[in-house]
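K.L.:
Pasting a predicted model and its sequence here:
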Amino acid sequence: MSRSIRLSLVFPMFDEQENVGRLLDSALALAPRLNEDFELIVVDDGSRDGGAAVVEAARRRDRRVRLLRHPENRGYGAALRSGLRAARGELVFFSDADLQFDLAELEHLLAHADEFDIVAGFRAPRRDPWARRAIAAGWGALVRAAFGLRVRDIDCAFKLFRRPVLDALPIASIGAFVNTEILVRARRAGFRIQEVPVTHHPRVAGRAKGASPRVVARALLELFTLYRELTHPTGAPLRAVGEQAGSVEEVT
């Protein structure tokens, strides 16, 4: 079994060739200042561009970079789950590969890691187009109504977990619902959550994929399924709906 390390940084990626090189440069410059014992994990979710080759080149230069690959696109939640499950860190952070966050602000999250089990960023302010902000507001209202979860920015991809959270919680979502699922299950399990404001930048390269009708429909289905699981324990659990089997390859 691989030894435990102190800090893992996980980045799901799908068609982010224009961004992932700069992301890794930033992460490799930052991480040693936070803790000398770290790893960077990029999960390529079946990208069709050259992003995986960029990560592979970085991996050859620095063995603290790990590349996991899905042979086909399975969804954001599936990629995040692969990365979180592969992480060896006592503290596990994740963010997106689209350069909309300032990785240096991970230090603000780490400042709360001794007192809280999850430190969740919230975008202050959010720099997405108005249509995505409107969808997010509606989604937040729906989640509060269904689960009583009161978190400022449920889907903010800037979160830090202590190892016991990831060891204890099932993660079944394969789509954009994954952030909601993790926070709902964590709150119900009694884990402590702290929220921290983080800077958010407009996307300048690549294409946003999180608000397509297919993604929204999948999230609604998974929300309904988790609601049924939690309110009717004899019903089908979330893992029974749409879960895709398949291998995760680590490039070595």
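P.N.:
Nice, I can see it.
K.L.:
F116 contacts E195, correct?
P.N.:
No - between F116 and E195 there is no contact, the gap being 9.5 Å when judged by CB atoms under 8 Å. C-betas here are computed from N, CA, C, even on glycine.
K.L.:
nearest residue to D49 other than its sequence neighbours?
P.N.:
Closest residue in space to D49, ignoring its immediate chain neighbours: Q17 at 4.1 Å, by CB to CB, 6 or more residues apart in numbering.
K.L.:
I figured R69 hits E249, correct?
P.N.:
Yes - between R69 and E249 a contact is recorded at 4.8 Å, counting by CB under 8 Å.
K.L.:
Which one of the two is surrounded by more residues?
P.N.:
Under the criterion of other CB atoms under 10 Å, the comparison of R69 against E249 puts R69 first, with 20 against 13.
K.L.:
For stretch 80-92, give me every contacting residue.
P.N.:
2-8, 10-12, 38-39, 41-43, 66, 68, 70, 94, 110, 113, 160-163, 166, 171, 173-174, 178, 248, 250 (CB atoms under 8 Å, 6 or more residues apart in numbering).
K.L.:
Could I have the ChimeraX command that selects the buried members from those residues?
P.N.:
With 16 or more other CB atoms under 10 Å as the criterion, this ChimeraX line picks the buried residues out of those:
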select :5,7,8,10,11,12,38,39,41,42,43,66,68,70,94,110,113,160,161,162,163,166,171,173,174,178,248
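K.L.:
if you look at the contacts of stretch 80-92, which of them are in helices?
P.N.:
Counted as lying in helices by DSSP state H, out of the contacts of stretch 80-92, are 110, 163, 166, 178.
K.L.:
Correct me if wrong: the first one contacts R33.
P.N.:
No - counting by CB under 8 Å, L110 stays clear of R33, with 11.0 Å between them.
K.L.:
How about the contacts made by the closest residue in space to G89 that isn't next to it in sequence?
P.N.:
Of all residues not flanking G89 in the chain, S8 sits nearest, at 3.2 Å (CB to CB, 6+ apart). Residues in contact with S8 (CB under 8 Å, 6+ apart) are 38-41, 87-89, 91-93.
K.L.:
give me that answer again for 6 Å
P.N.:
S8 makes contact with 39, 87, 89, 92, according to CB atoms under 6 Å, 6 or more residues apart in numbering.
K.L.:
Give the buried residues for the strand or helix carrying P197.
P.N.:
In this structure, P197 sits in strand 193-198 according to DSSP states H and E. By 16+ other CB under 10 Å, the buried positions in strand 193-198 come out as 193, 195-196, 198.
K.L.:
Need the residues that contact that strand.
P.N.:
Here strand 193-198 has contacts from 105, 108-109, 112, 116, 118-122, 124, 152, 158, using CB under 6 Å, 6+ apart.
K.L.:
So which of those sit within helices?
P.N.:
108-109.
K.L.:
What is the distance between the strand holding P197 and the centre of its chain?
P.N.:
15 Å (CA atoms, centre = their mean, to the nearest Å).
K.L.:
what about it, average pLDDT?
P.N.:
Strand 193-198 comes out with an average pLDDT of 98.
K.L.:
Show me how far the very next helix or strand once past it is from its chain's centre.
P.N.:
Using DSSP H and E, the helix or strand that follows strand 193-198 in sequence is helix 213-231. Remark: helix 213-231 is offset 18 Å from the chain centroid, using CA atoms, centre = their mean.
K.L.:
Over to stretch 142-160?
P.N.:
Put simply, stretch 142-160 sits 13 Å off its chain's centre (CA atoms, centre = their mean).
K.L.:
Run through who's touching that stretch.
P.N.:
93, 95-96, 101, 109, 119-123, 140, 179-180, 183-184, 195, 198, 227.
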